[in-house]
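A.B. asks: just coords:
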């Protein structure tokens, strides 16, 4: 092999090695780091006073990524739902406070299955008041006007009858 062919072979081998090394790098995603230090776990509720039977929205942070998280209403433990934390360890959801919940102070709690992280907040539950259905437009003013018209017509008739008797 001549010196120029050896040089070409070395160059070809170097070029092939560079291409093979570059292929995994081309399709790679950029690395994302978690903020340091990580934030303290927290629990946020849409309201701290709710009516029995109403929905309660929540957001909890600090769980293990993709961890299962259970939501409870405590005083008498009632499981309200099962949720999954996202890749950042944040869980969001909505639970319904049972209609038969006793009025008063209760504890809302999230508990991670793997991390055993527990987040709690006090809530006040008011008694369940059934909501009336919305049946459409409010016609009370029309009905009130009609009743007043009938009352006036009746009074006019009574006066006409009395006049006739006196004449």
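C.D. replies: Yes, it's here. It should be emphasised that the depicted structure is a prediction, and the values quoted were computed from it without experimental measurement.
A.B. asks: hey, where'd the helices end up in the chain?
C.D. replies: Remark: helices assigned in the chain by DSSP state H are 3-26, 140-166.
A.B. asks: and these, which one is worst for confidence?
C.D. replies: Here the lowest mean pLDDT among those goes to helix 3-26, at a mean of 59.
A.B. asks: touching, residue 89 and residue 64? I think so.
C.D. replies: Yes: here residue 89 reaches residue 64: they are 6.0 Å apart, a contact under C-beta atoms under 8 Å. Quick note: C-beta positions are derived from backbone N, CA and C, even for glycine.
A.B. asks: what about those two, which has more around it?
C.D. replies: Neighbour count, other C-beta atoms under 10 Å: between residue 89 and residue 64, residue 89 has more, with 22 against 15.
A.B. asks: and the more buried one, how far from residue 63?
C.D. replies: According to C-beta to C-beta, to the nearest Å, residue 89 stands 4 Å off from residue 63.
A.B. asks: could you do residue 102 as well?
C.D. replies: Relative to residue 63, and taking C-beta to C-beta, residue 102 is found at 29 Å.
A.B. asks: who has more neighbours, the two?
C.D. replies: In this view residue 102 and residue 63 are compared by other C-beta under 10 Å, and residue 63 has more residues nearby, 26 against 11.
A.B. asks: buried ones in stretch 81-96?
C.D. replies: Within stretch 81-96, the residues scored as buried using 16 or more other C-beta atoms under 10 Å are 83, 85, 89, 91, 93, 95.
A.B. asks: report the two of these separated the most.
C.D. replies: Spanning the widest gap among the buried residues of stretch 81-96 are 89 and 95, at 19.4 Å by C-beta to C-beta.
A.B. asks: just the buried positions in stretch 55-74, please.
C.D. replies: Neighbour counts using 16+ other C-beta under 10 Å place 56, 58, 60, 61, 62, 63, 67, 69, 71, 72, 73 of stretch 55-74 among the buried residues.
A.B. asks: make a markdown table out of the buried residues of stretch 81-96 and add distance to residue 149.
C.D. replies: Converted to a markdown table, these look like this (distance: C-beta to C-beta, whole Å):
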| residue | distance to residue 149 |
| --- | --- |
| 83 | 59 |
| 85 | 65 |
| 89 | 68 |
| 91 | 61 |
| 93 | 55 |
| 95 | 52 |
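A.B. asks: so residue 61 makes contact with residue 89?
C.D. replies: Yes: under the criterion of C-beta under 8 Å, residue 61 makes contact with residue 89 at 6.4 Å.
A.B. asks: I'm done for today, thanks for sticking with me.
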